[in-house]
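Novice: I need the structure of the sequence given here:
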Amino acid sequence: MTDQPQKTLKIIRRVAPATIPPLESTQSVPEQPIQRSGKRVLTKDKLQEVKPEKGTDFYRAKKLPKPKPDSTADKPKPLGTKPLNQNTLKKPAKPKPPKKKNIKPPSDIRAKELDASLNAFPMWRERKPLALNFERQVFQHVGKHHLSASKRVVMKLLEWHTANRFYLQAVAEGGKRFNLDGSEADTIQEYEIAHALNKLAKRKK
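Specialist: The predicted model follows:
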């Protein structure tokens, strides 16, 4: 007889299925406010409206939203454009005032009209030295021809006439002065000649 190996029996213990306890019936329980001694009572609805105070842990933990990137900053700017300034965007450019026209005073216009009338006399036109108190002769001419010329206009015209370079050269040469009709008057003095030469020397500088 041949020996055969004996079979070994294994006993496996069955585990009883775990029993799940029945779930408790969930009933809507009304939320009750949290009561603390000596402190404010906050409910869930009011808690959202309360802002965190600076320096608390809740304030540090809360993250502020990041600012949105400027979409216009990434766009490439066309060539030849200058960067926009915020001040120029807020304040519109002021319109430039219109340029003032060179309006001549009425006295200058009337002085030129009187000068054109006196050019009919050769001594005036040739810039000969004028007689003393020559303005009296000019007033007689204004009244005779009914010209619109005041004393201011006459004195301004005589100032222009005597400041002319050709008139100063005629005075510097010396000789006689002349009336409006061309007749001779007083003789030019030496100090008047020196004064005319001094004015001519200043103009050459």
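Novice: What are the boundaries of the strands in the protein?
Specialist: 176-178, 184-187 (DSSP state E).
Novice: how about the helices of this structure, start to end?
Specialist: When assigned using DSSP state H, the helices of the chain occupy the ranges 44-47, 57-61, 71-74, 86-90, 106-118, 122-125, 134-145, 151-162, 165-172, 190-204.
Novice: can I get the ones you listed in CSV with mean pLDDT?
Specialist: Formatted as CSV, these follow (pLDDT from 0 to 100):
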stretch, mean pLDDT
helix 44-47, 59
helix 57-61, 51
helix 71-74, 55
helix 86-90, 54
helix 106-118, 91
helix 122-125, 93
helix 134-145, 92
helix 151-162, 93
helix 165-172, 93
helix 190-204, 91
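Novice: Mind putting those helices into TSV with distance to Lys96 and mean neighbour count?
Specialist: Placement of C-beta: from N, CA and C, glycine included. As requested, the helices of the chain are exported to TSV (distance: least, CB to CB, whole Å; neighbours: other CB atoms under 10 Å):
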stretch	distance to Lys96	mean neighbour count
helix 44-47	61	9
helix 57-61	54	9
helix 71-74	30	7
helix 86-90	16	8
helix 106-118	28	15
helix 122-125	46	15
helix 134-145	44	14
helix 151-162	34	16
helix 165-172	40	16
helix 190-204	39	12
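Novice: Out of those, which gets nearest to Leu180?
Specialist: helix 134-145 (4.4 Å; CB to CB).
Novice: List of residues touching the closest one?
Specialist: In this structure, residues lying in contact with helix 134-145 by CB atoms under 8 Å, 6 or more residues apart in numbering are 114, 117-118, 131, 147, 149, 151, 154-155, 157-158, 179-180.
Novice: Taking helix 151-162 as reference, get the angle to that helix.
Specialist: Orientation check (axes from the mean of the first three to the mean of the last three CA atoms, to 10 degrees): helix 134-145 against helix 151-162 gives 120 degrees.
Novice: returning to that earlier point: packed most tightly, which of the strands of the chain would that be?
Specialist: Each of the strands of the chain was scored by mean neighbour count; the highest is strand 176-178, a mean of 18, by mean count of other CB atoms under 10 Å.
Novice: same for that one, what does it pack against?
Specialist: The contact analysis (3 or more CB pairs under 8 Å, 6 or more residues apart in numbering; DSSP states H and E) places strand 176-178 against strand 184-187.
Novice: Quick one: mean pLDDT over the strand it packs on.
Specialist: In this model, strand 184-187 has a mean pLDDT of 92.
Novice: What strands line up against it, and which way round?
Specialist: Paired neighbours of strand 184-187 in the sheet (DSSP bridges): strand 176-178 (antiparallel).
Novice: Quick check: closest non-adjacent residue to Ala185.
Specialist: Ala131 (3.5 Å; CB to CB, 6 or more residues apart in numbering).
Novice: Number of residues surrounding that neighbour?
Specialist: When neighbours are counted by other CB atoms under 10 Å, Ala131 registers 18.
Novice: Perfect, I'm done here.
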